[in-house]
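Q: Based on what follows, work out the 3D shape:
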Amino acid sequence: MDDYPFLSIFWTMFVFFAWIIWLIILFRVFADIFRSHDLGGWGKAGWTLLVIVLPFLGVLVYLLARGGGMADREMERERRVALQTYTRHLAAERAESPPSNHADALATLVDLKNRHEITEEEYQRAKEQVLAA
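A: Numbering: from 1, shown residues only. Now for the predicted structure:
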């Protein structure tokens, strides 16, 4: 233990965890680049090339230029997944139970809309699905 002082251990741990955080940010940026619907193919290719060629600068510029929308795009993706999950659950429940359950399904949809877990558009689409059955 005399060969490796405490501050060196601390510094090594700091560098290791900073590297892990860097990898997480890098993968989130790549995921956002390819999930983004408002970027065209050339835009995605350009951002990807910048992040690969100049990783630190590319990620920093990406976060400054498009970082504010990353959370919005992630929330929108989570809403779509939640709506799909709910719709599948509702369809499975409808297949097992009699059609008199429409009122409960509509009440649940209204509750989801009031808690801002689904948008107005998602609410209308799910409501049409419930009423169509």
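Q: which parts of the lowest-mean-pLDDT helix or strand in the chain are buried?
A: The helix or strand of the chain with the poorest confidence is helix 102-114; it has a mean of 82 (mean pLDDT, DSSP states H and E). Residues of helix 102-114 classed as buried by neighbour count (16 or more other C-beta atoms under 10 Å): 105, 109, 112-113. Where C-beta positions appear, they are placed from N, C-alpha and C, glycine not excepted.
Q: In a markdown table, list the residues you listed along with distance to Ala82.
A: Shown next, in a markdown table, are the buried residues of helix 102-114 (distance: C-beta to C-beta, whole Å):
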| residue | distance to Ala82 |
| --- | --- |
| Ala105 | 15 |
| Leu109 | 12 |
| Leu112 | 8 |
| Lys113 | 12 |
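Q: list the buried ones in the host helix or strand of Leu7?
A: Counting by DSSP states H and E, the element that carries Leu7 is helix 6-35. The neighbour-count check on helix 6-35 (16+ other C-beta under 10 Å) flags 29-30, 32-33 as buried.
Q: Remind me what the longest helix seen in the chain packs against, helices and strands.
A: The longest helix of the chain (DSSP state H) is helix 55-96. The contact analysis (3 or more C-beta pairs under 8 Å, 6 or more residues apart in numbering; DSSP states H and E) places helix 55-96 against helix 6-35, helix 41-53, helix 102-114, helix 120-132.
Q: what about the ones you listed, which gets the closest to Arg73?
A: helix 6-35 (6.4 Å; C-beta to C-beta).
Q: Quick one: list the elements packing against the closest one.
A: helix 41-53, helix 55-96.
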